[in-house]
Structures are given as structure tokens and as C-alpha cells.
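K.L.:
Sequence below, structure please.
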Amino acid sequence: MTEANVTIENKTGIHARPASVFVQTATKFKSKVQIKAKGKTVDAKSILMIMSMGLVKGTDITIVADGPDEAEAVKALKDLVLSKFGEE
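P.N.:
Numbering: from 1, shown residues only. Model (predicted):
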């Protein structure tokens, strides 16, 4: 299992477009990928689950992956968050 902590930095948080990009990236990997935040853990390959978390700017999240390509999955998703989903 591989995990990384990252803070949501884009002004609008994770709304529909960034959630969609996050899910599209997560589904490229065979590993099980999850997001932990605010005491909840959700499937990072489900846009509805991600949207339900209400991830706003400043929220700390943990990206967790378990499987054959877990390290690559965590790195790709962390880099995506750090890039502010290309919004700024």
C-alpha cells in the first residue's frame, strides 16, 4: 500500500471538472485507489463519492492506492492535485 498527503490548493476546490479529471486519472490504474478526508474514505474512481466529500480549498486529503501500480497511481494523482487541476 502506498499513500500520500496533499492539500487542495485550487480556489474552487474539487468541483465537477476536477473530480472528473481525478476519476479519469485514477481509472487508468489497476490498483484500488481511495481518498481519505474529513474522517471519510471513498473510492477515488467514483465521481459521485468524490463530489459527496465537499473538498474545498485548504482541505487535506490522503490518496491511498493498493495494487500492482500503486506507487505510480499515488504519484500521478498527487501531481494532479498539486497542479491545481490546471485551473490556475
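K.L.:
Please name the residues that touch the residue in the chain sticking out farthest from the centre.
P.N.:
For the chain, the residue at maximal distance from the C-alpha centroid (C-alpha atoms, centre = their mean) is Pro68, at 18.2 Å. Contact analysis of Pro68 by C-beta atoms under 8 Å, 6 or more residues apart in numbering lists 30-31. C-betas here are computed from N, CA, C, even on glycine.
K.L.:
List the backbone torsions phi and psi for it.
P.N.:
phi -70, psi -30 (degrees, to the nearest 10).
K.L.:
start the count at 195, not 1, going forward
P.N.:
Shifting the count to begin at 195 puts that one at Pro262.
K.L.:
Roughly how far does it sit from Thr206?
P.N.:
34 Å (C-beta to C-beta, to the nearest Å).
K.L.:
Which residues does the residue lying closest to Lys272 once chain neighbours are set aside form beta bridges with?
P.N.:
Spatial nearest neighbour of Lys272, excluding adjacent residues (C-beta to C-beta, 6 or more residues apart in numbering): Ala198 at 4.6 Å. Here Ala198 shows beta-bridge partners Ile257, assigned using DSSP bridges.
K.L.:
Return the distance of Ala198 relative to Lys226.
P.N.:
Distance from Ala198 to Lys226, by C-beta to C-beta: 15 Å.
K.L.:
In the protein, what residue spans correspond to strands?
P.N.:
196-201, 226-231, 234-237, 254-260 (DSSP state E).
K.L.:
Can you spell out which helices and strands pack onto the last one?
P.N.:
Contact analysis of strand 254-260 by 3 or more C-beta pairs under 8 Å, 6 or more residues apart in numbering; DSSP states H and E lists strand 196-201, strand 226-231, helix 264-276 as its packing neighbours.
K.L.:
That strand to helix 264-276, inter-axis angle?
P.N.:
Orientation of strand 254-260 against helix 264-276 (axes from the mean of the first three to the mean of the last three C-alpha atoms, to 10 degrees) gives an angle of 160 degrees.
K.L.:
same deal with the first one?
P.N.:
With the same axes, to 10 degrees applied, the angle from strand 196-201 to helix 264-276 works out at 10 degrees.
K.L.:
Just the C-alphas of strand 196-201, formatted as PDB.
P.N.:
Extracted C-alpha coordinates of strand 196-201, given in PDB (Å, rounded to 0.1, in the frame of the first residue of the first chain):
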ATOM      1  CA  THR A 196       1.200   3.500  -0.900                       C
ATOM      2  CA  GLU A 197      -0.200   6.700   0.300                       C
ATOM      3  CA  ALA A 198       0.500  10.500   0.100                       C
ATOM      4  CA  ASN A 199      -0.900  13.500   1.900                       C
ATOM      5  CA  VAL A 200      -1.700  16.600  -0.200                       C
ATOM      6  CA  THR A 201      -3.700  19.800   0.300                       C
END
